[in-house]
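Chemist: 3D, please:
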Amino acid sequence: MTTTSDQGAFVWRPTGLLESYFVTRSNLDYYQCVCVWSQFNRPVPKLHLYGAIHALIARNPALCTIVLESKTKSMKFALAKDVDLDKIVEYRTTTGSFEEFLTELHEVRFTYEAMTPVWKLFVWNEKTVAFVFDHATLDGTSGALFHVQLAQLLNDRSILLPADVSPIVKVDQSMKLNPAVESIVSTSPSLRFAASTLFQEFGPKWGPFRPLAERDGTIFAPYVHPVEGSIWRILEIPAARVNLLLNKCRAQNTTLTALFHTLLVIGMSKAYPSVRGFDTSVPINARRFMTSYVDAANEMGAYVFRYKEITSALREFSWDEVIRFGSALKKGTTKRSGYSLGMLKYLFGNISGWMEAKLGNVRETDIELSNVGAWKFTGGIDDEMSYRVLQLGFSQPHGTLNPAIKLNCAGVVGGSTTLTLCFSDKIAGEGKGDMVFGVIKHMVEKLSEAD
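Modeler: Sure, this is the predicted structure:
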């Protein structure tokens, strides 16, 4: 479809359910951007980066997507006419830590009315490339795919770079926008899932609807806007320790995701010793596509789940708990379990009102864990001129409607894994987030020791 504005005609499509949700959330300033970063073994010069980005944009519609009529019920995704890399790419050098730089990155705001793609690229201290984007058009998985493709293109010596690469990338207007998820697969929840979710949202908290585990939801500050003082803590687990943790998980027939969740619960239990349980959320949100060729049969990119439970407080480490949570997560994210995306239709178009009504109320989720997994980086030539990814990291902001404490995970296949904890002392309590992080760090070191 095409539409005409003051800027001319645009190729467009209506936004999907989740896309409309995220656009509305950003318009309310209830959410900041997402960041996925990669650290390379050598400096990434602008000439090579611009050449790679030219190729990336040519093959990925999501990098060319703009938002039109964002404050109306007729909001649309459209193809940009061009992308000005000089306005999107920024080289920065600082003497502080990357944790401190993350605070600055998550203060980036995108303006839909500017009719430019809602992402930026920061090259920090020459070697770390931070891909910062609005959640409306991209997610953590597509952010990781961005870095996989970037590394491949930086190492592609068949790409002949002119002496001066143009910062203006013309967008092929015959390119097809990536589809909304619900246009290619069914996202309708089962009746059981819909009823359960609606009871959790609106039903009584007693009798047959009372959770099996107790949860003390008043330990954190209520939903408030704006959220101030978000803090990030980063733990990079070296490859040798990751390998030991993986082997121990495999021996127990469980996963690193389940292990990291258990460590998060132990940290929370020590930071809040009187609490009986924590409301846990694990979003599996791999719906954004970083290619022109969408495979609807591929579950990565087709389904949107959100596993929730109340996890009992845990004072000591237990593999039984890791196994239990891993099994529950696997069972809770099958096709038969339902889709959180499909539940958005029950808001009847009043997404903004639903969000604003939560302000001042008790938080519905205490902790959240998002793991985009480990990614294989290939295509490099093993010499001093090749680009190798040493670290992959993933961070999300606190956000107005987010849980009090959030843990993000990302890794390199055969390499390191990075854990990023986000919290705000004003919501979690002074020093509580650092206490949780300290426990996670200590337990990772302890568990990754050779037996």
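
Chemist: which residues in the stretch 301-450 of the chain form helices?
Modeler: In the stretch 301-450 of the chain, the segments counted as helices under DSSP state H, counting those that start in this stretch are 319-332, 351-356, 425-428, 432-447.

Chemist: out of those helices, nearest to His54?
Modeler: Distances from His54 to each of these were compared using C-beta to C-beta; the shortest belongs to helix 351-356, at 36.1 Å. In this view, the C-beta of every residue, glycine as well, is placed from N, C-alpha and C.

Chemist: Just give me how far the closest one sits from the chain centre.
Modeler: Once both centres are worked out by C-alpha atoms, centre = their mean, to the nearest Å, helix 351-356 turns out to sit 22 Å from its chain's centre.

Chemist: in the protein, which helix or strand is least confident?
Modeler: Among the secondary structure pieces of the chain, namely its helices and strands, strand 2-5 has the lowest mean (mean pLDDT, DSSP states H and E), a mean of 53.

Chemist: got the residue ranges for the helices in the stretch 101-250 of the chain?
Modeler: With DSSP H, counting those that start in this stretch as the criterion, the stretch 101-250 of the chain has helices spanning 140-154, 191-202, 239-251.

Chemist: looking at those helices, which is buried most?
Modeler: Comparing these by mean neighbour count (mean count of other C-beta atoms under 10 Å), helix 140-154 comes out on top with a mean of 23.

Chemist: If you count contacts, what does that one end up packed against?
Modeler: With contacts defined as 3 or more C-beta pairs under 8 Å, 6 or more residues apart in numbering; DSSP states H and E, the packing partners of helix 140-154 are strand 34-40, helix 46-59, strand 128-133, strand 367-375, strand 389-395, strand 405-412.

Chemist: want to try JSON lines for these, with mean pLDDT and distance to Glu100 as columns?
Modeler: Compiled in JSON lines, the helices and strands packed on helix 140-154 are given as follows (pLDDT from 0 to 100; distance: least, C-beta to C-beta, whole Å):
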{"stretch": "strand 34-40", "mean pLDDT": "97", "distance to Glu100": "13"}
{"stretch": "helix 46-59", "mean pLDDT": "92", "distance to Glu100": "23"}
{"stretch": "strand 128-133", "mean pLDDT": "98", "distance to Glu100": "13"}
{"stretch": "strand 367-375", "mean pLDDT": "93", "distance to Glu100": "22"}
{"stretch": "strand 389-395", "mean pLDDT": "97", "distance to Glu100": "13"}
{"stretch": "strand 405-412", "mean pLDDT": "96", "distance to Glu100": "17"}
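
Chemist: Present these as a markdown table; the columns should include mean neighbour count and distance to Thr333.
Modeler: Output for the helices and strands packed on helix 140-154, formatted as a markdown table (neighbours: other C-beta atoms under 10 Å; distance: least, C-beta to C-beta, whole Å):
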| stretch | mean neighbour count | distance to Thr333 |
| --- | --- | --- |
| strand 34-40 | 25 | 21 |
| helix 46-59 | 18 | 29 |
| strand 128-133 | 24 | 24 |
| strand 367-375 | 22 | 12 |
| strand 389-395 | 24 | 19 |
| strand 405-412 | 25 | 16 |
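
Chemist: Now tabulate the ones you listed in TSV and tack on distance to Gly140.
Modeler: Listed next are those as TSV, based on distance: least, C-beta to C-beta, whole Å:
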stretch	distance to Gly140
strand 34-40	6
helix 46-59	17
strand 128-133	10
strand 367-375	4
strand 389-395	5
strand 405-412	8
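
Chemist: Any idea which of the ones you listed gets closest to Thr15?
Modeler: In this view, the helices and strands packed on helix 140-154 are compared for proximity to Thr15 by C-beta to C-beta, and strand 128-133 is the closest at 16.0 Å.

Chemist: May I have the strands that pair with the closest one, each with its orientation?
Modeler: Next to strand 128-133 in the sheet, as set by DSSP bridges, lie strand 34-40 (antiparallel), strand 119-124 (antiparallel).

Chemist: just to revisit the earlier point, could the helices of the stretch 301-450 of the chain go into TSV alongside distance to Cys64, mean neighbour count and mean pLDDT?
Modeler: Supplementary listing: the helices of the stretch 301-450 of the chain in TSV, determined by distance: least, C-beta to C-beta, whole Å; neighbours: other C-beta atoms under 10 Å; pLDDT from 0 to 100:
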stretch	distance to Cys64	mean neighbour count	mean pLDDT
helix 319-332	35	17	92
helix 351-356	25	16	89
helix 425-428	36	20	94
helix 432-447	37	18	98
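
Chemist: out of the ones you listed, which comes closest to Ser395?
Modeler: Comparing the helices of the stretch 301-450 of the chain under C-beta to C-beta, the one sitting nearest is helix 432-447, at 13.4 Å.

Chemist: Can you spell out which helices and strands pack onto the closest one?
Modeler: Partner elements for helix 432-447 (3+ C-beta pairs under 8 Å, 6+ apart): strand 230-237, helix 239-251, helix 256-271, strand 405-412, strand 417-424.

Chemist: what do you get if the cut-off is 10 Å, keeping everything else the same?
Modeler: On a contact count with 3 or more C-beta pairs under 10 Å, 6 or more residues apart in numbering; DSSP states H and E, helix 432-447 meets strand 230-237, helix 239-251, helix 256-271, strand 405-412, strand 417-424, helix 425-428.

Chemist: Buried residues, the first one. List them.
Modeler: When neighbours are counted by 16 or more other C-beta atoms under 10 Å, the buried residues of strand 230-237 are found to be Ser230, Ile231, Trp232, Arg233, Ile234, Leu235, Glu236, Ile237.

Chemist: Just send the residues you listed back as a markdown table, with pLDDT too.
Modeler: As requested, those are exported to a markdown table (pLDDT from 0 to 100):
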| residue | pLDDT |
| --- | --- |
| Ser230 | 91 |
| Ile231 | 95 |
| Trp232 | 96 |
| Arg233 | 98 |
| Ile234 | 98 |
| Leu235 | 99 |
| Glu236 | 98 |
| Ile237 | 98 |
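
Chemist: got the contact list for the nearest residue to Ala258 once chain neighbours are set aside?
Modeler: Of all residues beyond its chain neighbours, the one nearest Ala258 is Gly326 (3.3 Å), with distances taken as C-beta to C-beta, 6 or more residues apart in numbering. Contact criterion C-beta atoms under 10 Å, 6 or more residues apart in numbering gives Cys249, Gln252, Asn253, Thr254, Thr255, Leu256, Thr257, Ala258, Leu259, His261, Thr262 as the residues in contact with Gly326.

Chemist: Cheers, nothing more for now.
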